[in-house]
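Next input, structure requested:
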Amino acid sequence: MKVLVTGGTGYIGSHTVVELQNSGYETIIVDNLSNSTADVTDRIEKITGKRPGFVKLDLCDAQGLGNFLDANPEIDSVIHFAAFKAVGESVQDPLMYYRNNVSGMINLLKEVSERNINNFVYSSSCTVYGEADMLPVSENSPIKKAESPYGFTKQIGEQMLYDLSKVSGLQTIVLRYFNPTGAHDSSLIGELPMGIPNNLVPYITQTAIGKREILTVNGNDYDTPDGTNIRDYIHVVDLAKAHVTSIKRLSEKKNASNIEVFNLGTGNGNSVLEVINTFEESTGVKLNYRIGPRREGDVVSIYSDTKKANDVLGWKAERDLRDMMKTSWSWEKALSEN
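Here you go, the predicted structure:
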């Protein structure tokens, strides 16, 4: 089997390519390198002993995408990561997000459907739930009005897959991630944001190592025990393994319907201050942080009901928050040494 991984040099994509190759799958990556670098393929090769295929390509280039697929007829499965993913940035520049995340996905679905590439795993997000009425959120929780254009692009992506699955042979698994963090145990790959980090943990590690002067906590007046946002943090390696499980499920035709949806989280909610405290306790490094204003587009609290992923997909998160902090810190230190 040959798996196309869009956005495969990115954070989650690169870890998934590692797990795919370690499980015996052949991979080929397309990425426009807007938020990653091509040397990630060297690092994947160091970890796995196998070099993934790589083509620099923007999914908004429909003709280029079609030509690429024609040149690689052995591709039979797709994992689609390629998307912009910063909530705050999407609020400031919504059209950029609609062009990249929606138009690019339309091109991808059109081109793979025309070539009968029917196994499709979609990188979605818990942002599709908006501000949930009840916690934890299950796959049956209502899809609420998105709190950000980023969240809306994920809702649109899911709807496109539902609609297409009714009229084509497409077999899809939608994976709704909660908050990925951590890094590979080798410290060869991890989260590498371009510019100022939008996610909490890279901001923590960059502040701890001295790249950032101070960490800003976005609000402490939320209706939570300590006033800060609560999220379900999941180790990126656990997340990557869920994609391998999903590809295997589709290729063995074990999916119960044309489109299945699974939440990927630990089922535990941790506040921003709890994450900061866990980082300090697990690394011995004290953080310089201050309380700032709320960030537009953020929901108050969200964490997952993982029962369906555990029981039906046969996947369960194994790593805890301390491990996420330790591997993130090891990755940050490795970056500073290079």
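
make it CA atoms for all contacts and neighbour counts henceforth
Will do.

domains of the protein?
Residue ranges for the domains of the chain, per automatic domain parsing: 2-181+233-266, 200-230+267-308+320-333.

Can I get the ones you listed in TSV including mean neighbour count and mean pLDDT?
Shown next, in TSV, are the domains of the chain (neighbours: other C-alpha atoms under 10 Å; pLDDT from 0 to 100):
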stretch	mean neighbour count	mean pLDDT
domain 2-181+233-266	19	96
domain 200-230+267-308+320-333	18	96
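
Which of these sits closest to Leu192?
When those are compared by C-alpha to C-alpha, domain 2-181+233-266 sits nearest Leu192, at 7.0 Å.

how far does that closest one sit from the chain's center?
8 Å (C-alpha atoms, centre = their mean, to the nearest Å).

Between the two ends of it, what distance do you get?
End-to-end distance for domain 2-181+233-266: 30 Å, by C-alpha to C-alpha, to the nearest Å.

which residues of the stretch 1-150 of the chain fall in helices?
Using DSSP state H, counting those that start in this stretch, the helices found in the stretch 1-150 of the chain span residues 11-22, 40-48, 62-71, 87-92, 94-97, 104-114, 149-167.

on that earlier part again, I'd like the domains of the chain as JSON lines, with distance to Glu191 appended.
Listed next are the domains of the chain as JSON lines, based on distance: least, C-alpha to C-alpha, whole Å:
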{"stretch": "domain 2-181+233-266", "distance to Glu191": "5"}
{"stretch": "domain 200-230+267-308+320-333", "distance to Glu191": "7"}
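
Figure out which of these is closest to Pro193.
Nearest of these to Pro193, taken as C-alpha to C-alpha: domain 2-181+233-266 at 6.7 Å.

Helices along the stretch 151-300 of the chain, start to end?
Using DSSP H, counting those that start in this stretch, helices in the stretch 151-300 of the chain cover 200-209, 236-251, 272-283.

With respect to Ala317, which of those helices lies nearest?
Ala317 sits nearest to helix 236-251 of all the helices of the stretch 151-300 of the chain, at 5.4 Å, using C-alpha to C-alpha.

can you list contacts of the closest one?
Under the contact criterion C-alpha atoms under 8 Å, 6 or more residues apart in numbering, helix 236-251 has outside partners 12-13, 15-16, 19-20, 23, 77, 79, 119-121, 171-173, 177, 180-184, 255, 264, 313-319.

how about 7 Å then?
By C-alpha atoms under 7 Å, 6 or more residues apart in numbering, the residues outside helix 236-251 that reach it are 12, 15-16, 19-20, 119, 173, 180-184, 255, 264, 315, 317-318.

My read is that Glu231 contacts Tyr303, right?
No Glu there; residue 231 is Arg. Yes: between Arg231 and Tyr303 there is a contact under C-alpha atoms under 7 Å: 5.8 Å.

what's the overlap in contacts for those two?
Gly269.

Val5 contacts Glu26, doesn't it?
No: Val5 is not in contact with Glu26 according to C-alpha under 7 Å; the separation is 10.4 Å.

Now for these two: what residues contact both?
Joint contacts of Val5 and Glu26 (C-alpha under 7 Å, 6+ apart) do not exist.

just to revisit the earlier point, mind putting the helices of the stretch 151-300 of the chain into a markdown table with distance to Glu45?
Below are those laid out as a markdown table (distance: least, C-alpha to C-alpha, whole Å):
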| stretch | distance to Glu45 |
| --- | --- |
| helix 200-209 | 24 |
| helix 236-251 | 17 |
| helix 272-283 | 29 |
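
Among the ones you listed, single out whichever gets nearest to Ile44.
When the helices of the stretch 151-300 of the chain are compared by C-alpha to C-alpha, helix 236-251 sits nearest Ile44, at 13.5 Å.

In CSV, list the C-alpha atoms belonging to that closest one.
Output of helix 236-251 as CSV, limited to C-alpha atoms (Å, rounded to 0.1, in the frame of the first residue of the first chain):
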residue,chain,number,x,y,z
VAL,A,236,1.3,13.5,19.1
VAL,A,237,2.7,10.0,18.8
ASP,A,238,-0.6,8.5,20.2
LEU,A,239,-2.4,10.7,17.7
ALA,A,240,-0.2,9.5,14.8
LYS,A,241,-0.8,5.8,15.7
ALA,A,242,-4.6,6.4,15.4
HIS,A,243,-4.1,7.3,11.7
VAL,A,244,-2.3,4.0,11.1
THR,A,245,-5.1,2.2,12.8
SER,A,246,-7.6,4.1,10.6
ILE,A,247,-5.8,3.3,7.3
LYS,A,248,-5.7,-0.3,8.3
ARG,A,249,-9.4,-0.3,9.2
LEU,A,250,-10.3,1.1,5.7
SER,A,251,-7.9,-1.1,3.8
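
Nice, that's everything, thank you.
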